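Colleague: the sequence and its predicted three-dimensional model are supplied below.
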2 protein chains.
Amino acid sequence: MAVTIIGTVALDTIKTPSESHSRILGGSATYAGIAASIFDNISLAGIVGNDFPDSYLTFFESRGIDITGIDISEGKTFHWNGYYEKDMSQAYTVQTDLNALLEFDPDLPEKARQARVVFLANIDPVLQKKTIEQLKRTEVVILDTMNFWIENSLDALKSTLELVDILIINDQEIRMLTGKDNIIQGMSDILELGPSRLIVKKGEHGSIMFNGQDYFICPAFPLKELVDPTGAGDSFAGGFAGYLSQSKVLDEETYKQAIIAGTMISSFTVQGFSMDVLKNIDKDRILRRYKEFEKFTALPDKLVL
Amino acid sequence: MAVTIIGTVALDTIKTPSESHSRILGGSATYAGIAASIFDNISLAGIVGNDFPDSYLTFFESRGIDITGIDISEGKTFHWNGYYEKDMSQAYTVQTDLNALLEFDPDLPEKARQARVVFLANIDPVLQKKTIEQLKRTEVVILDTMNFWIENSLDALKSTLELVDILIINDQEIRMLTGKDNIIQGMSDILELGPSRLIVKKGEHGSIMFNGQDYFICPAFPLKELVDPTGAGDSFAGGFAGYLSQSKVLDEETYKQAIIAGTMISSFTVQGFSMDVLKNIDKDRILRRYKEFEKFTALPDKLVL
């Protein structure tokens, strides 16, 4: 089994109240790919410029990630420059340089086309659709997007959504996409657009999965300190996709397990700057944290009335 | 066993996007008292004016609520006039007329002083402290407060908190009270102020209880429609207090059950205007909703890694 992940492979310049770093490894596909590679074989697809450090490519390969789907352009690598204020609740963008991303025209290697699970991380929905059209025998197509595409490429996004199995977006994005203030109400609307399953990420408040009938409401792991929220959502989705891919059967229980895997991984991601913690976690740490999580969320057996 | 609840007994003028009503029964002690009376015998303490309709007093009595602790002043009843906008996420105050509340000087009836559980609903912390000083053999003192007192009566509030077992506040209030953006971090700070247990209400995102060691993270019941959020927090706390009072032992499991009781009750409260739904719920509806809630929040048995 394997996962193909397409999205941005970027250089990030990030400033938090305590730390700042320039032009370090980032991007939606990167965070998702590192997370997913904890569980399964990953093919990454994206584009970088000729300024992209070889050491980052070597880092991908050291995790068994197939990078033949990463194009190398003559231009520069996509660059995001952003910062967080004290409450860390929102990323503020100083500047986005699309650079090489403007030339990107996905053409997946044969192996990547045969992946069981495909995660289309945040990128132009036109490119996401092009990717879907190249897939063979893929069982689960998962898509993430962002406010920019909802505002500026709604038609392309809707046309892509028709081909998607699972949509993963955050609470602000679902409000924007459905026009509904109430997330639970909005969730029903989404399923009319194509996906048969939806996951809404709510940051420190956890996530909700909906399959058209039942919800799975999953709190976040309680953390006293956030070091850097960058990549939380992407590593959640990557962990989710990787977990699905390594699972024998894809039933409701598996989807819940995959949500837990994503929840635990993203809780580690935000505890370090950039990929500092994410790149060091393994199955054992995930299992240990889940034990603690179970303790914090265990419902009482019954009400005594 | 019994619960004493002190707070505001009010006339509310409420406008939501779909409905509006003038001078209807409201107030923190009212919502909490109605909720708690589902489980146990309640004594209400507060003050109303001579304009307070007899029918409302009769309504309290019809629920077995002892109202000998409600003073009747020559003035007018405390009146809150507020509204909600489309997203229902925040109550906007048009006007607050304190009226009779200005003369309130709590002097609990003997029976109310002997309650096992006492809930000090939102009211001046000076009056909350006076109430605590009148208590005999009370096992659990629970306190709610609001931004107004944190901003304007912080010293009085802190002096009252030293005498409190359980603090129940919302996420904005804990940020204001502790100066910490991170709720989980703020929760530890609160326990240094007096309470041995803390519950943070997060509205649609549920609640978190903390006993100094373990968390209990409880999502909210998913609702597609909010009719009127008024009294959600007060009925949560009242349900929590009432459940504790009727419980044989007060152990960690009981506290969790009480959180569930409050969570289910407040989910009903917001489904109707004012007390329309709250006043009609019973133990059976609570149990049925909890069954559904268990289904939506059940964790997977294990991760398969």
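Modeller: Everything's here; your move. Numbers count the residues shown, from 1 in each chain, chains lettered A, B, ... in the order given.

Colleague: contacts only, for the closest residue to chain B within the stretch 201-305 of chain A.
Modeller: Closest approach between the stretch 201-305 of chain A and chain B, counting by C-beta to the nearest C-beta: A:His205, at 3.9 Å. Any C-beta I mention is one placed from the backbone N, CA and C, and that applies to glycine too. A:His205 is in contact with A:Pro219, A:Ala220, B:Lys202, B:His205, B:Gly206, counting by C-beta atoms under 8 Å, 6 or more residues apart in numbering or on different chains.

Colleague: okay, the last one: pLDDT?
Modeller: It refers to B:Gly206. The per-residue pLDDT reported for B:Gly206 equals 98.

Colleague: and the stretch 51-200 of chain A, which residues reach chain B?
Modeller: Proximity of the stretch 51-200 of chain A to chain B (C-beta under 8 Å from any C-beta of the partner chain) is limited to residues A:Lys86, A:Asp87, A:Met88, A:Ser89, A:Asp181, A:Asn182, A:Ile183, A:Ile184, A:Gln185, A:Ser188.

Colleague: PyMOL command for the buried members of these?
Modeller: Remark: buried members of these, expressed as a PyMOL selection using 16 or more other C-beta atoms under 10 Å in any protein chain shown:
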select buried, chain A and resi 88+182+183+184+185
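
Colleague: hmm, which two among the residues of the stretch 51-200 of chain A next to chain B are most spread apart?
Modeller: Farthest-apart pair in those is A:Lys86 and A:Ser188; separation 36.3 Å (C-beta to C-beta).

Colleague: near chain B, which residues of the stretch 201-305 of chain A are found?
Modeller: A:202, A:204-206, A:208, A:214-219, A:222-226, A:243, A:247, A:253, A:256-257, A:260-261, A:283, A:286-287, A:290, A:294-305.

Colleague: could you redo the last one with a cut-off of 6 Å?
Modeller: Selection of the stretch 201-305 of chain A residues close to chain B by C-beta under 6 Å from any C-beta of the partner chain yields A:205, A:215, A:217, A:219, A:222, A:224, A:253, A:256-257, A:283, A:290, A:296-297, A:300, A:303, A:305.

Colleague: compare those and tell me which is most surrounded.
Modeller: Looking at these with neighbours defined as other C-beta atoms under 10 Å in any protein chain shown, the largest count falls to A:Ile217 at 25 neighbours.

Colleague: give me the phi and psi for the residue nearest to A:Leu11 when sequence neighbours are not counted.
Modeller: In this structure, A:Leu11 finds its nearest non-sequential neighbour in A:Arg23, 4.3 Å apart by C-beta to C-beta, 6 or more residues apart in numbering or on different chains. Main-chain torsions, A:Arg23, degrees, to the nearest 10: phi 50, psi 50.

Colleague: A:Arg23: neighbour count?
Modeller: 16.

Colleague: what about it, distance to A:Leu101?
Modeller: 15 Å (C-beta to C-beta, to the nearest Å).

Colleague: let me see the contact set for the residue nearest the centre of chain A.
Modeller: Centroid-nearest residue in chain A: A:Asp234, 2.5 Å away (criterion: C-alpha atoms, centre = their mean). Counting by C-beta atoms under 6 Å, 6 or more residues apart in numbering or on different chains, A:Asp234 touches A:Ser28, A:Tyr31, A:Ala32, A:Ala121.

Colleague: check the residues of the stretch 51-200 of chain A next to chain B for the minimum pLDDT and say which it is.
Modeller: Within the set of these, pLDDT is lowest for A:Ser89 (84).

Colleague: SS state for it?
Modeller: coil (DSSP: H, G, I helix; E, B strand; the rest coil).

Colleague: how about it, phi and psi?
Modeller: Dihedral angles (degrees, to the nearest 10) for A:Ser89: phi -80, psi -20.

Colleague: likewise A:Ala121?
Modeller: When quoted as degrees, to the nearest 10, the phi and psi of A:Ala121 stand at phi -70, psi 170.

Colleague: burial count for it?
Modeller: Count around A:Ala121 with other C-beta under 10 Å applied: 30.

Colleague: ok, A:Pro53 next?
Modeller: Neighbour count for A:Pro53, taken as other C-beta under 10 Å: 14.

Colleague: quick one, strands of the stretch 101-250 of chain A?
Modeller: Along the stretch 101-250 of chain A, the stretches classed as strands by DSSP state E, counting those that start in this stretch are A:117-120, A:140-144, A:166-170, A:197-201, A:207-210, A:215-218.

Colleague: with that, I have no additional questions.
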